[in-house]
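Colleague: quick one, structure for this:
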Amino acid sequence: MESKRQQKVASLLQQELAAVFQRDLPHLFPGLAPGISTVRVSPDLGIARVYLSLLLVGDGEAMLEQVRDSGKEIRLALAKRIRQQLRVVPALSFFLDDSAAYAAHMDQVFGGLTIPATDADAPTDEDDTAKPTPPRPRLFADEDE
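Modeller: Coordinates of the predicted model:
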């Protein structure tokens, strides 16, 4: 379980890394900026695992390698943005977040299932409107019927 400090630092890193990708270093990723889905920080705040969401990118592995190759530039731009909040900028490790692709795959699997009807789900021949309506409860003793 992460401490409050780890959660705060992870949130700060996620926000600032998104700004770095969109504003500071758009020339590294022409036409598309990777989304940051999650950031996990080690207990000593020395290492940050950054999970990138690359849904709209055709080849996610190539984009991930490009991000990893530009790691020093990204860390430097991040350091300029968070120098007032953190004393030491954590080392960044980038990983591909495949949770959205996994969810899409599971939706496809569940959508393709055919579930046979059981006896409780089978329709009956009885008409529900033919049942008599129960009498209305009387609220007051002097009500007219």
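Colleague: count of neighbours near the nearest residue to Ser99 once chain neighbours are set aside?
Modeller: Of all residues not flanking Ser99 in the chain, Ser37 sits nearest, at 7.2 Å (CB to CB, 6 or more residues apart in numbering). For every residue, glycine as well, the C-beta is placed using N, CA and C. Ser37: 18 surrounding residues under other CB atoms under 10 Å.
Colleague: confirm Ser37 sits in a strand?
Modeller: Yes. Assessed by DSSP: H, G, I helix; E, B strand; the rest coil, Ser37 belongs to a strand.
Colleague: I'd say it and Val50 touch.
Modeller: No. Contact between Ser37 and Val50 fails when scored by CB atoms under 8 Å: they sit 9.0 Å apart.
Colleague: so who does Arg5 touch?
Modeller: Counting by CB atoms under 8 Å, 6 or more residues apart in numbering, Arg5 makes contact with Leu45.
Colleague: which SS class is it?
Modeller: Three-state assignment for Arg5 (three-state DSSP): helix.
Colleague: please look at Arg68 and Leu92 and confirm they touch.
Modeller: No. Applying CB under 8 Å as the test, Arg68 and Leu92 come out as separate, 9.2 Å apart.
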